[in-house]
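Undergrad: fold the following for me, if possible:
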Amino acid sequence: MNCIILDDEPHAIDVLKRYVEKTPSLNLRGEFRNPLKALDFLQKELIDLVFLDVNMPNLTGIQFLKALKRKPLIIFTTAYSSYAAESYEWDALDYLVKPIVFERFLRAIGKAQEVFNSKAEVEPLPGINSQDDMISLKSGKQTHRVKLSDIQFISKQSNYLEVNTMERKILIRANMADIFSWLPEDRFSRIHKSYVVGHDHVSIIETHQVKISKTILPIGSSYRKEFLQKFGA
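TA: Next up is the predicted model:
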């Protein structure tokens with residue numbers, strides 16, 4: 001799960017950061033002391049889980065939560081247990097009282113993982129309309145309509161795939177293992193465990209890498225022979 005930490009206390013951030021780094025299911029994407037910077041980050045990035053301090057100056061954790069348009073999973077953190085009842089009214093997943101011990105942290109992550117997995121199970125795969133060469137890509141609450149011919153390459157980002165088109169990047173919850181259930185293999189190739197490329201956008205092919213626009217992508221050894229044969233390289 002992609003997560004961020006928002007807390008005005010550097011020591012509290014350090015503790016949570018250390019716990020996150022010890023937990024294989026978590027991928028820390030950012031740590032913030034300024035709630036406004038965290039809000040801006042969440043508007044641009046797809047984050048699954050936020051460790052949110054309740055009692056911060058200028059903007060409380062509850063006020064921060066009210067300001068979010070797209071709400072990730074929330075685990076509140078605070079030194080004051082009196083906020084617990086109010087936090088659950090806002091559908092917080094759990095409430096950790098400082099000083100936070102690792103065992104209690106892991107119990108909260110277990111809850112988060114169960115909810116995250118249940119959401120992932122019902123997440124629909126992207127859908128292709130072969131008549132107009134379009135694909136529907138669901139990112140959070142938004143569904144993007146994209147031409148297959150506009151997809152330059154797709155990269156793996158933790159539990160997500162980042163679809164790079166000629167105009168934008170779209171983060172979707174999907175697996176590399178399923179990618180050719182919704183992408184045609186005659187137009188796309190996997191060149192690495194973390195990359196799939198659109199044939200029309202490959203401009204230069206070398207033994208160990210390809211160039212797409214201004215981006216250089218590596219060719220993995222297990223994919224090299226098949227990919228080079230496709231292009232007669």
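Undergrad: CA only for contacts and neighbour counts going forward, please
TA: Noted.
Undergrad: would you list the phi and psi of Lys230?
TA: Dihedral pair for Lys230: phi -60, psi -40, per degrees, to the nearest 10.
Undergrad: before we move on, what about Arg187?
TA: Torsion angles, degrees, to the nearest 10, at Arg187: phi -120, psi -10.
Undergrad: need the helices for this structure, in chain order.
TA: For the chain, the helices defined by DSSP state H cover 10-21, 35-44, 61-67, 84-89, 102-122, 221-230.
Undergrad: export only the CA atoms of the last one, formatted as CSV.
TA: Same thing as helix 221-230. What follows is helix 221-230, C-alpha atoms only, in CSV (Å, rounded to 0.1, in the frame of the first residue of the first chain):
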residue,chain,number,x,y,z
SER,A,221,17.2,-10.3,-20.0
SER,A,222,14.2,-12.7,-19.8
TYR,A,223,12.3,-10.5,-22.3
ARG,A,224,15.1,-9.5,-24.6
LYS,A,225,15.1,-12.3,-27.2
GLU,A,226,11.3,-12.3,-27.9
PHE,A,227,11.1,-8.5,-28.0
LEU,A,228,14.1,-8.1,-30.4
GLN,A,229,12.7,-10.8,-32.6
LYS,A,230,9.4,-8.9,-32.9
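Undergrad: which residues sit against it?
TA: By Cα atoms under 8 Å, 6 or more residues apart in numbering, the residues outside helix 221-230 that reach it are 189-192, 207-208.
Undergrad: same thing with the third one?
TA: With Cα under 8 Å, 6+ apart as the test, helix 61-67 has contacts from 35, 39, 52-55, 71, 76, 87, 90.
Undergrad: and if you look at the fifth one?
TA: Outside of helix 102-122, the residues within contact range by Cα under 8 Å, 6+ apart are 1, 19, 48-49, 73, 75, 93-94, 96, 173.
Undergrad: rerun at 10 Å
TA: For helix 102-122, contacts defined as Cα atoms under 10 Å, 6 or more residues apart in numbering pick out 1, 15-16, 18-20, 22-23, 25-26, 48-49, 72-75, 93-97, 123, 159, 173-174.
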